[in-house]
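Novice: Everything below, folded, please.
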Amino acid sequence: MNLLVADIGGTNARFAFQADNTQKLSNFSFLKCSDFTNIHDAIEFYKKDNNLDVKNMSIAVASTTKNDAIKFTNNNWDFKQSEIFKYFKLDKLIFINDFVAQSLCFGSFYNNLSEDQSLNDKLASEHNLKIIRNGVPIKKAPLLVTGPGTGLGVCTLFQLDDHPIAIEGEGGHSSFAPNSEIEIELLQFMKKKYNHVSNERLISGSGIEEIFNFIRVNNGLKPSTLKAPEIGEKALEGDLQAKETVKLLFSILGTIVSSVILINGTQSGVILSGGITPKLREILSISDFEINLLNKGRRHDYVKNVPIWLTEDNNNGLYGALNAINNPHYIDKLIVKR
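Specialist: Below is the predicted model:
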């Protein structure tokens, strides 16, 4: 098929290649977006570096893909889908949202979930998923895939006519709703900088930096210039302010997850994805994530049995992009050579 698949976020771009019509991918490559002026240059570099003849592309991007023009929230690569199709002289091209790709990767997992805990544990292991919270999936209810990285991705997956379909949205830009006194203070702190405080302003790499500075200022200290990876490392080393930062991030994430479960009915389960949670997983377990997850008042019962898994595989988006190009639900997104 000579298919290039890519997963392009705000910070990193991952590539792979499918030579035939199997599910096998090869020529995996990891590039920094900041090393390239635009997406054209990154793709050209990957093709030449791997000596590939590319006829088709399926590309996942951290942006909405409903219009021809693609504009990233956390990346300065702006372009048109039609321009990419013409520039590379392709037969087929499809662009999908990066969390749509993350979700489509788990189509088989979702379709095989049952009410049998042991079977689900085996299924999770086969898909390299770590169990965060045991529960009982409700068959045919949607599945939530969400998690923080450069931004906050939120996507809902379900099955339609024997094929998975993921609902693209911008849930990360929904409004932050504080759930405690400290979170109310955090909102007030953020309102000094932003007219609209979205969940992504806090539950993301830049959000770690915002929360860290909030905690420092709250303790009478000056804001820090530390970046998210450094704060994460300090948290794992036991630094109190860094640790409180990450605990607060995961506590807020618990509220967001339970809110989406209530709104979208994702009672099959939740898969936590993104670049942050796997690296800081040990702090997730000591945060108020589960307390906030279950703090839903009269509808506590609606969320109490929802299972949660964690994926640590960086190539999910690539396999999701691979699945998208042959999925009939996404045929309207295809640009095809006439």
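
Novice: elements contacting the longest helix seen in the chain?
Specialist: Criterion DSSP state H: the longest helix present in the chain is helix 240-264. When contacts are defined as 3 or more C-beta pairs under 8 Å, 6 or more residues apart in numbering; DSSP states H and E, helix 240-264 packs onto strand 143-148, strand 152-160, helix 181-191, helix 205-218, helix 228-237, helix 281-284, helix 289-294, helix 300-303. Heads up, the C-betas are built off the backbone N, CA and C, glycines and all.

Novice: so that helix versus strand 143-148, what angle?
Specialist: Here the directions of helix 240-264 and strand 143-148 differ by 150 degrees (axes from the mean of the first three to the mean of the last three C-alpha atoms, to 10 degrees).

Novice: i'd like the first residue to be 18 from this point on
Specialist: Happy to do that; since the first residue is 18 now, the last one works out to helix 257-281.

Novice: Name the next helix or strand downstream of helix 257-281, please.
Specialist: Moving toward the C-terminus from helix 257-281, the next helix or strand (DSSP states H and E) is strand 286-289.

Novice: what's in contact with that following strand?
Specialist: Defining contact as C-beta atoms under 8 Å, 6 or more residues apart in numbering, one finds that strand 286-289 is touched by 119, 123, 130, 146, 149, 152, 154, 160-164, 274, 278, 323-328.

Novice: quick one: it to chain centroid distance?
Specialist: The chain centroid and the centroid of strand 286-289 are separated by 11 Å under C-alpha atoms, centre = their mean, to the nearest Å.

Novice: How much space separates the spatially closest residue to Asn309 that is not a sequence neighbour from Ile228?
Specialist: Residue nearest to Asn309 in three dimensions, not counting chain neighbours: Gly271, with 3.5 Å by C-beta to C-beta, 6 or more residues apart in numbering. Distance, Gly271 to Ile228, by C-beta to C-beta, to the nearest Å: 15 Å.

Novice: cool, and Pro159?
Specialist: 30 Å.

Novice: ok, the two, which is more surrounded?
Specialist: More neighbours surround Ile228 than the other of Pro159 and Ile228, with 27 against 23 (other C-beta atoms under 10 Å).

Novice: Check the spacing between the nearest residue to that one once chain neighbours are set aside and Val320 real quick.
Specialist: Distances taken as C-beta to C-beta, 6+ apart put Thr262 closest to Ile228, at 4.7 Å, once the chain neighbours are dropped. Per C-beta to C-beta, Thr262 is found 25 Å from Val320.

Novice: next one: Thr167
Specialist: 27 Å.

Novice: So the two - more neighbours on which side?
Specialist: Legend: neighbour count by other C-beta under 10 Å for Thr167 and Val320, higher for Thr167 (24 against 20).

Novice: what's the closest non-adjacent residue to that one?
Specialist: Nearest non-adjacent residue to Thr167 (C-beta to C-beta, 6+ apart): Gly27, at 3.2 Å.

Novice: Pretty sure the one you found sits against Ala79.
Specialist: Yes - in this structure, Gly27 is within contact of Ala79 by C-beta atoms under 8 Å, at 5.4 Å.

Novice: between these two, what contacts are shared?
Specialist: Contacts common to Gly27 and Ala79, judged by C-beta under 8 Å, 6+ apart, are 89-92, 167-168.

Novice: Stretch 87-102: how far from the chain's middle?
Specialist: 19 Å.

Novice: Check stretch 302-322 too.
Specialist: Remark: stretch 302-322 is offset 21 Å from the chain centroid, using C-alpha atoms, centre = their mean.

Novice: hang on, the earlier thing: what is the neighbour count of the residue nearest to Thr167?
Specialist: 21.

Novice: distance of it from Asn93?
Specialist: 10 Å.

Novice: what about the residue lying closest to Asp305 once chain neighbours are set aside, how many residues close to it?
Specialist: Nearest non-adjacent residue to Asp305, counting by C-beta to C-beta, 6+ apart: Ser268, 4.0 Å away. Ser268 is flanked by 21 other residues according to other C-beta under 10 Å.

Novice: likewise Glu227?
Specialist: For Glu227, the neighbour count with other C-beta under 10 Å is 22.

Novice: wait, isn't it in contact with Leu219?
Specialist: Yes - using C-beta under 8 Å as the test, Glu227 is close enough to Leu219 to be in contact (6.2 Å).

Novice: Report the set of residues contacting both of those two.
Specialist: With C-beta under 8 Å, 6+ apart as the test, Glu227 and Leu219 both reach Met207.

Novice: before we move on, back to that, quick one, which of the helices and strands packed on helix 257-281 is packed in tightest?
Specialist: Stretch with highest mean neighbour count among these: strand 160-165 (a mean of 28; mean count of other C-beta atoms under 10 Å).

Novice: what lines up beside that one in the sheet?
Specialist: Sheet pairing of strand 160-165 (DSSP bridges) gives strand 169-177 (antiparallel), strand 286-289 (parallel).
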